[in-house]
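Colleague: My questions are about this predicted structure, shown below with the sequence.
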Amino acid sequence: LMASLIVGPIRETSLLARQAATVDALSGGRLTLGLGVGARLDDYEATGTPFAGRGERAAAQLAELRRIWGGATLTGTDTATGPGPGPIGPPPVRAGGPEVLLGGYVPAVADRIAAHADGFMAPGGAEPATIAVLWQLVRQKWSDAGRGGMPRFVGGSYFALGPAADAAADAYISAYYGYDPAVASKRRATLPTTPEAVAATIRRAGDLGCDELILRPVEADPAMLEELAALLG
């Protein structure tokens with residue numbers, strides 16, 4: 001059960017912590033919480049949140065999420081006017097909170113993962129070379145921080161299949177990334193629209209070392225998923 005990706009800095013931290021812990025508890029500990037800072041100014045304007053400094057706020061939010069999931073309590077004591085001391089939301093199933101994966105394109109993501117998260121979630125549509133460099137940095141920062149084992153690496157890619165695959169891909173990219181034509185062009189260039197291209201994307205994810213690859217259809221038509229199922233056998 002995976003959220004990919006929630007823009008953390010536009011959300012109030014204690015509410016996000018309670019929501020995540022509640023879903024985690026209801027699902028028996030199956031939640032993986034994907035978080036990122038987002039690149040869309042309108043997301044921040046819509047919520048009245050400053051766009052500048054969002055990376056620093058994301059780092060502070062991660063630390064606060066872990067503190068809350070670790071059993072931090074409310075500080076109020078006047079039960080006549082407000083809540084008294086108590087936990088913030090239900091206790092998560094896993095000690096320390098649900099699994100957290102961070103996405104993004106900048107080196108600071110690696111530092112945040114090493115300090116507070118469980119792994120890296122590659123944003124859908126990113127260039128493989130960019131992801132390869134960032135993944136190497138994530139592993140290095142993880143080791144430098146003295147953390148054991150390996151961070152989890154979840155890759156992602158949009159895809160389109162079927163007789164109208166290219167048209168569907170064009171429409172999706174235009175609708176989702178049209179705010180920035182340069183970004184839209186890059187995302188469209190990496191979007192596979194043939195069985196051969198999808199298969200190559202899957203192989204490339206394996207070569208990069210992904211533990212899991214999320215393939216995201218560009219439209220809701222179940223036929224596209226049936227095309228993918230046939231390809232995967």
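Modeller: Done, it's in. From a predicted model like this one, the values you see are computed outputs, not experimental measurements.

Colleague: Show me what the biggest strand by length in the chain packs onto, helices and strands only.
Modeller: With DSSP state E setting the assignment, residue counts place strand 152-159 as the longest strand in the chain. Helices and strands touching strand 152-159, by 3 or more C-beta pairs under 8 Å, 6 or more residues apart in numbering; DSSP states H and E, are strand 2-7, strand 99-102, strand 119-121, helix 128-144, helix 195-208, strand 212-217. Every residue, glycine included, has its C-beta placed from N, CA and C.

Colleague: May I see these arranged in a markdown table, with distance to residue 30 and mean neighbour count as well?
Modeller: Putting these into a markdown table (distance: least, C-beta to C-beta, whole Å; neighbours: other C-beta atoms under 10 Å) gives the following:
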| stretch | distance to residue 30 | mean neighbour count |
| --- | --- | --- |
| strand 2-7 | 9 | 17 |
| strand 99-102 | 9 | 24 |
| strand 119-121 | 16 | 25 |
| helix 128-144 | 24 | 16 |
| helix 195-208 | 22 | 15 |
| strand 212-217 | 14 | 17 |
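
Colleague: Which one, of the ones you listed, ends up nearest to residue 59?
Modeller: strand 99-102 (10.1 Å; C-beta to C-beta).

Colleague: Direction included, what does the closest one pair up with?
Modeller: strand 32-36 (parallel), strand 119-121 (parallel) (DSSP bridges).

Colleague: Quick one: closest of the ones you listed to residue 62.
Modeller: strand 32-36 (7.4 Å).
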